[in-house]
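> Predicted structure and sequence below. I'll ask about it afterward.
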Amino acid sequence: MSSTPSPLLTAPGDRPGDPAGPAGIRLIVTDMDGTLLDDAKRMPPGLRPLLAELRRRGVLFSPASGRQYATLAEQFAGVEEGMVFIAENGTYVVRDGEELSSDPLEPAVAARLVPAVRELAARGTDVGAVVCGKRSAYVERSDEAFLAEVRKYYVRHQVVADAAAVDDDVIKVALFDFGAAERTTAPALAPFAATHQVVVSGEHWVDVMNRTADKGAAVRRLQRDLGISAAQTLVFGDYLNDLEMLDTAEWSFAMANAHPEVIRRARHLAPSNNDNGVLRTISRLMRLPVGRD
C-alpha cells in the first residue's frame, strides 16, 4: 500500500523512469462501474481480443462488481468460459455456472433492513431497497425511475409485495439513494454497521453485507485456491467497495477518476475509465497492443 500512488500510466507511451512491468501475472481483477466501463456504462473497445490473448497466456480475468452475477454473465456473453465472476461485492463467486463461494445474510437481517429503508423513505429520503438473492433481486418500489436504476445492475429482478420475506438465499441488501448516498443513506444505517458491513459502493448506492464478505476476501480465497500470489495479481478499482481488493495485489491500480481514499490506498494510478485505463494498463504492462473489437 502506498500513500502516493505511482503515476505509472497517466499518459500513453513509455517514459524514462517508469517502473518495470510485472512478471508472471496470473490473475487480473477489475471493478466494473467507474473502472472497466466508461461513464456511459460501455465496455471498452478491444476487450474481447485482449481477453482471448490473456486466455491464451493462461491469465485468469475476473470481473469484481457490486453487480448481480446474471448481469455480469450477460455482459461477458460469448467470452465467459473459464472466467471467475466476483459478483455482489464478493458475496457470490461463480465460474462456468458453478458457485465457488457465497456468504449469505441471516434471514433476520433482511427482515430488519427492509422496514428500516421503508421508514427512511417515509421521512423523506428518496431511497429504495434491493434485496439481492442468488436467483434474483427483489424490490418493492415499482416506479419507473427506480426500476431504471435497478435494471442497470440487476437484469433478473422482481417487484414483490414484501422484499423482507422472499424465498431465496439473500447475499446482500443494496440501497439506491437518488441523493448522495455517502451523506444520507449510509449514516442512517449506522445501527447495522455495528454488526455488518455498510459499504458505499457508488455515488448513489450503499450495500449491507456480512462482515466476512467483501471483494478482497473473495480475491484472497481465489488466490489461495489457485496458488496465486499477490505479486502475480493485478487489480483495478475506483470506489470504496474496492479498498480491500486493492490490498490483495502488489500491482494495485486506482483509476484517475477514483475516490480520493482509493487513490491513497492503491500502489499505482491508471488513466480514467473514460480513457480506457484498464485495457491500456494491461496492454502496457504485459506488452500487448490495444486493439479494437
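Looks like it arrived, so ask away. Numbering: from 1, shown residues only.
> Kindly export the one helix or strand residue 245 maps to (C-alpha atoms) in CSV.
In this structure, residue 245 sits in helix 243-246 according to DSSP states H and E. Extracted C-alpha coordinates of helix 243-246, given in CSV (Å, rounded to 0.1, in the frame of the first residue of the first chain):
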residue,chain,number,x,y,z
LEU,A,243,-10.4,-0.9,-1.0
GLU,A,244,-10.0,-4.4,0.4
MET,A,245,-9.5,-5.8,-3.1
LEU,A,246,-6.6,-3.4,-3.7
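> and for the next helix or strand after that helix, what are the contacting residues?
Going down the chain from helix 243-246, the next helix or strand is strand 251-255, by DSSP H and E. With contact meaning Cβ atoms under 8 Å, 6 or more residues apart in numbering, strand 251-255 is reached by 1, 5, 8-9, 22, 25, 34-35, 231, 233-238, 246, 262-263, 265-273, 277-278, 281, 285. The C-beta positions use only the backbone N, C-alpha and C, and glycine is treated the same way.
> Next: stretch 145-154.
By Cβ under 8 Å, 6+ apart, stretch 145-154 touches 41, 66-68, 70-71, 128, 130, 132, 136-137, 139, 141, 157, 159, 174, 176, 178, 204.
> List the buried residues in that stretch.
By neighbour count with 16 or more other Cβ atoms under 10 Å, stretch 145-154 contains the buried residues 146, 149-150, 153-154.
> Can you give me the buried ones in the helix holding residue 245?
243-246.
> Tabulate the residues you listed in JSON lines, adding columns for pLDDT.
JSON lines is the format used below for those (pLDDT from 0 to 100):
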{"residue": "243", "pLDDT": "96"}
{"residue": "244", "pLDDT": "96"}
{"residue": "245", "pLDDT": "97"}
{"residue": "246", "pLDDT": "98"}
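> Looking at the residues you listed, spot the one nearest residue 87.
Distance ranking of the buried residues of helix 243-246 against residue 87, using Cβ to Cβ, places residue 245 first at 13.3 Å.
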